[in-house]
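Novice: The sequence isn't on hand, but the structure is:
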């Protein structure tokens with residue numbers, strides 16, 4: 001249990017030019033953001049005793065810091 005961050009990533013423009021202008025989650029279509037939030041709100045519904053609380057969205061700077069924190073934790 002406990003808090004665990006979820007990160008959204010998109011392919012580099014060399015792999016998919018569709019996302020070349022996406023730098024922040026706010027650059028994604030609002031419908032996609034709603035679909036992602038709905039998924040993470042309900043993906044544990046069928047697991048007894050488990051629940052999810054979404055506390056909000058953060059920007060790319062926070063996501064990068066989460067990745068660096070995970071890398072450091074993996075080194076230990």
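Specialist: Cool, got the structure. These numbers were taken from a predicted model, which means no experiment stands behind them.
Novice: only C-alpha atoms for contact and neighbour calcs from this point on.
Specialist: Fine.
Novice: what's the longest helix in the protein?
Specialist: In the chain, assigned by DSSP state H, the helix with the most residues is helix 60-75.
Novice: in that one, what's buried?
Specialist: Buried residues in helix 60-75, counting neighbours by 16 or more other C-alpha atoms under 10 Å, are found at 63, 66.
Novice: Same question for stretch 24-40.
Specialist: For stretch 24-40, by 16+ other C-alpha under 10 Å, it's 25, 33.
Novice: neighbouring contacts of that stretch?
Specialist: The contact list for stretch 24-40 (C-alpha atoms under 8 Å, 6 or more residues apart in numbering) reads 8, 21-22, 52, 54, 59-60.
Novice: what would those residues look like in a markdown table with secondary structure and pLDDT?
Specialist: Listed next are these as a markdown table, based on DSSP: H, G, I helix; E, B strand; the rest coil; pLDDT from 0 to 100:
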| residue | secondary structure | pLDDT |
| --- | --- | --- |
| 8 | coil | 94 |
| 21 | coil | 96 |
| 22 | coil | 96 |
| 52 | coil | 89 |
| 54 | coil | 90 |
| 59 | coil | 96 |
| 60 | helix | 96 |
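Novice: Run the chain-centre distance for stretch 52-59.
Specialist: Relative to its parent chain, stretch 52-59 has a centroid offset of 9 Å by C-alpha atoms, centre = their mean, to the nearest Å.
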